[in-house]
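1. The following block contains a protein sequence and its predicted model.
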Amino acid sequence: MAAPRPPPAWLSGVLVQVPIQDLEALRALTALFKEQRNRETAPRTIFQRVLDILKRSSHAVELACRDPSQVEHLASSLQLITECFRCLRNACIECSVNQNSIRNLDAIGVAVDLVFLFRELRVEQESLLTAFRCGLQFLGNVASRNEDSQSIVWMHAFPELFLSCLNHPDKKIVAYSSMILFTSLNSERMKDLEENLNVAIDVIDVHRRQPESEWPFLTITDHFLKCPDLVKAMYAKMSNQERVTLLDIMVAKIASDESLTPDDIPVFLSHAELIARTFVDQYKTVLNLTSELHTEEEEAALATIRLLDVLCEMSANTDLLGYLQVFPDLLERVVDLLRLVHVAGKDTTNIFSTAGCLKAERDVSNVAEGFKSHLIRLIGNLCYKNKDNQDKVNELDGIPLILDSCSADDSNPFLSQWVVYAIRNLTEDNSQNQDLIAKMEEQGLADASLLKQMGFEVEKSGDKLILKPTSDRSQLE
C-alpha cells in the first residue's frame, strides 16, 4: 500500500510565511487547487497574496489602455494575471468557503475591472485573450451555486460586461460570458433584463450565430422562456432573424420529449397569446414571397412562417389547444391564408407552386417548404373535437379548399398526410360536413380514391349520400 501523500506546505506553516513572488509559485498553487482536499484546507492569506499580485499586474494593463504603444510590453504582466485567475478559478471549484473568502477580498470587483480593461485594449494577442478568458472563467466559478457571489458579480458586471463580451469576436469569451449570465440570473434579476433588453437580445443573437454553444441556449430555455413579459418585450424589439431564432427554440421546447410541466402551462399560454396575435396581425406578410423581395421583406415573411410552426406545435398540446381554438380570428386567418397561397401557387410560378412544396419538415430558411401542409395541420388541430370550428371552416368554404390543395399537389406525401388528418377532424360527429364531402364526391369535386386514402367511402341510401368511415379517426397531432 502506497504511503499517503504529505499535505501541502501551507499546512505546516511554510508556504504561509513565504511571499508568492513568481510565476512558477503561482503555477504550483494552481496545480494544488485541482484537488478538493487542497481547496478545502487553503488559508485565506493565500488568496490575499494572489490578489495582491493581480492588482500589481493590472497596472501595466491600465498603462497600455492609456498608451497603446505599451501593449507590446504586456507579456509578463499578462502571464501573471492569467495564472492568478487560473489559481482563483481552481480554488472556487465546489468550495463555497473559498468562494466566500475570495469574494470578501473584493476579487470579483478587481476581475470585472480587468475584463473591462481587456475589452478596451481591443488587441487580438493570444496572451491577452487567454487572460481575458481565464478572468471570465473565474467569475463563473466564484458565482457557481453561491447566491452571495452571484449578487456581487451581477452588481459589478450588469449590464456593461455582458453588452461588451456577448459581442466579442472570440467564441470562448462569448461562451464564458454566457455562462456567467446563466449562473447569475434569477427571477428578481429578470426584471433588470426587461429594463436592459439589449442584453437579452444579444443572447438570442449569440445562439443564432453559435447554435452549438450550450450556455446561450440554456439561458433562453431555462430563464427567458419562463418570463412572458420579457419575451413579449424582446419580440417587439428584435430583428426578424432574431425572432426566427427565438421561435426555433420555442418549437424545440414544445416539441421535445419532455412534456411541459404544470408550472410551464400558464407561461406558455401567455406565449400562445403573443404568437397567435402576431400571426393574426401579420399573416399576409408571407405573400411577399410570391415576388422579388428585399432582404428585410423576406425575413419578415420567414418570421411569420415560423410563427405558424409554433402554432402547430402549441395546438398539438392539449393544455394549450383550447385557448387557441377560441382565439379571435385565428382560424379565419389560417383558412384565408391557405386560400391566398393556394391561388398564388396556381396563378404563377413562385415559391407556393407545386414544385416549391416538397416536404413538411426542414429548415425555415428554405422559405415556404411545407407551408401549406402546416396551414392544413393547424386547421385540423383547431377543429379537433370542436364543432364550432368545424362549422366555421365549412362556412369559409375551407373543405373544398383543403381537398383541392391535396389534389393539386398529390406528389407531396406530407401534404396528403395533413389533409387526411384535417378532413377526419372536420367530419368528426359532424353530419353537415360529411354530407358536403359526399355531395362533392358525387359531383366529381372530391376524388373517391383520395377519400378512400382518408379512410372514407361514399354510400347512397335512397336519395341520401352518406360519408362512411372505413378506419379509426386520427388523434390530435
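-> Here it is on my side, so go on.
2. so where's this structure uncertain?
-> 1-21, 292-294, 347-350, 353-369, 407-414, 440-477 (pLDDT under 70).
3. can you give me the strands for it?
-> Here the chain has its strands, by DSSP state E, at 456-461, 464-469.
4. What helices and strands are in contact with the helix ranked longest in the chain?
-> Across the chain, the longest stretch assigned as helix under DSSP state H is helix 44-66. Counting contacts by 3 or more C-beta pairs under 8 Å, 6 or more residues apart in numbering; DSSP states H and E, helix 44-66 packs against helix 23-32, helix 75-91, helix 96-104, helix 107-121. In short, each C-beta sits where N, CA and C put it, glycine included.
5. make it 7 Å
-> With contacts taken as 3 or more C-beta pairs under 7 Å, 6 or more residues apart in numbering; DSSP states H and E, helix 44-66 sits against helix 75-91, helix 96-104, helix 107-121.
6. what would those look like in CSV with distance to S177 and mean neighbour count?
-> Listed next are the helices and strands packed on helix 44-66 as CSV, based on distance: least, C-beta to C-beta, whole Å; neighbours: other C-beta atoms under 10 Å:
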stretch, distance to S177, mean neighbour count
helix 75-91, 14, 23
helix 96-104, 19, 19
helix 107-121, 9, 20
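7. isn't L337 right next to L375, touching?
-> Yes. Here L337 lies in contact with L375, judged by C-beta atoms under 7 Å, at a distance of 6.2 Å.
8. which of the two has more neighbours?
-> Neighbour totals were compared for L337 and L375, and L375 leads with 30 against 21 (other C-beta atoms under 10 Å).
9. tell me the contacts of the more buried one?
-> Neighbour list for L375: 308, 334, 337-338 [criterion: C-beta atoms under 7 Å, 6 or more residues apart in numbering].
10. at 8 Å what do you get?
-> Listed by C-beta atoms under 8 Å, 6 or more residues apart in numbering, the contact set of L375 reads 308, 334, 337-338, 341.
11. Of those, which is the most crowded?
-> Neighbour count (other C-beta under 10 Å) singles out V334 as the most crowded of these, with 26 neighbours.
12. so it touches C383, yeah?
-> No. Using C-beta atoms under 8 Å, V334 is not in contact with C383; the gap is 10.6 Å.
13. Distance check, the residue nearest to S239 when sequence neighbours are not counted against T285.
-> Closest residue in space to S239, ignoring its immediate chain neighbours: E299 at 7.3 Å, by C-beta to C-beta, 6 or more residues apart in numbering. Distance, E299 to T285, by C-beta to C-beta, to the nearest Å: 10 Å.
14. for S431, same thing?
-> Counting by C-beta to C-beta, the gap from S431 to T285 is 38 Å.
15. Same question for I108.
-> I108 is 47 Å from T285, by C-beta to C-beta.
16. can you pull the contacts of V71?
-> 64, 121, 123, 125.
17. Neighbours of the closest residue to D264 other than its chain neighbours, how many?
-> Nearest residue to D264, sequence neighbours excluded (C-beta to C-beta, 6+ apart): K226, at 7.9 Å. Neighbours of K226 under the rule other C-beta under 10 Å: 15.
18. what does P262 give?
-> Using other C-beta under 10 Å, P262 has 8 neighbouring residues.
19. In this model V267 seems to touch the residue nearest to D264, though I could be wrong.
-> Yes. K226 is within contact range of V267, at 5.8 Å (criterion: C-beta under 8 Å).
20. which residues sit in contact with the residue lying closest to D229 once chain neighbours are set aside?
-> In space, and not counting its chain neighbours, D229 is closest to E194: 6.3 Å by C-beta to C-beta, 6+ apart. Applying C-beta under 8 Å, 6+ apart, we find E194 in contact with 227, 229-230, 233.
21. got the residues you listed as CSV, with distance to L23 and neighbour count columns?
-> Shown next, in CSV, are these (distance: C-beta to C-beta, whole Å; neighbours: other C-beta atoms under 10 Å):
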residue, distance to L23, neighbour count
C227, 45, 20
D229, 49, 11
L230, 45, 18
A233, 48, 17
